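Colleague: Take a look and give me a structure for this.
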Amino acid sequence: MVGAGPIGLVLAIDLARCGVSVQLIERNATCRQLPKMERCNARTMEMFRRMGLVERARAASTPPTTVAALSAEMAAILKLPDVRERIVLLGMDPRGSTPAGLAELDEGELKRWQPIVAASGFKVE
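Modeller: Numbers count the residues shown, from 1 in each chain. This is a model prediction of the structure:
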């Protein structure tokens, strides 16, 4: 595998945990001063959760007061008529939330889909 950035590292760890032999090649001899990874999205956090790293990632993240302020500001922006209209035209349902609300939604989705995936017989190989 080429590249020891966030994607390469996560994939290498995930493959190794599945018993796949991995050789990771990185062109830079040392770590960069600034990280390649600017943010964690829902998919990243899903992968971190599966790998048992989510609490460590959260501990190193943005302070809760900053997250609360950003969440409140984003909720206010999503209520602006022109913003709502544009998002609805894209086929989405604009809703502001809090980190706790997102965690609750995430848990609900896991509970909703886990039995369906289990019943399908799908297995990660």
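Colleague: Tell me how far Ala68 lies from Gln114.
Modeller: 30 Å (C-beta to C-beta, to the nearest Å). In this view, the C-beta of every residue, glycine as well, is placed from N, C-alpha and C.
Colleague: who has more neighbours, the two?
Modeller: Ala68 (13 against 10; other C-beta atoms under 10 Å).
Colleague: Please identify the helix or strand for the more buried one.
Modeller: Using DSSP states H and E, Ala68 maps to helix 64-78.
Colleague: next structured bit after that helix?
Modeller: Trace forward from helix 64-78 with DSSP H and E and the next one is helix 81-89.
Colleague: and that next one, what other elements does it pack with?
Modeller: Judged by 3 or more C-beta pairs under 8 Å, 6 or more residues apart in numbering; DSSP states H and E, helix 81-89 is in contact with helix 64-78.
Colleague: Can you give me the buried ones in the helix it packs on?
Modeller: Residues of helix 64-78 classed as buried by neighbour count (16 or more other C-beta atoms under 10 Å): Ser71.
Colleague: now it against helix 81-89, angle please.
Modeller: Interaxial angle, helix 64-78 versus helix 81-89 (axes from the mean of the first three to the mean of the last three C-alpha atoms, to 10 degrees): 80 degrees.
Colleague: Look up phi and psi at Ile25.
Modeller: Torsion angles at Ile25 (phi, psi; degrees, to the nearest 10) stand at phi -120, psi 130.
Colleague: What about it, how many residues nearby?
Modeller: If you count neighbours by other C-beta under 10 Å, Ile25 ends up with 9.
Colleague: Kindly report the same for Ala60.
Modeller: Residues contacting Ala60 under the criterion other C-beta under 10 Å number 8.
Colleague: Nearest spatial neighbour of Arg84, chain-adjacent residues omitted?
Modeller: Distances taken as C-beta to C-beta, 6 or more residues apart in numbering place Pro94 nearest to Arg84, at 5.3 Å, with adjacent residues excluded.
Colleague: from memory the one you found sits against Glu85, does it?
Modeller: No: using C-beta atoms under 8 Å, Pro94 makes no contact with Glu85, being 9.3 Å away.
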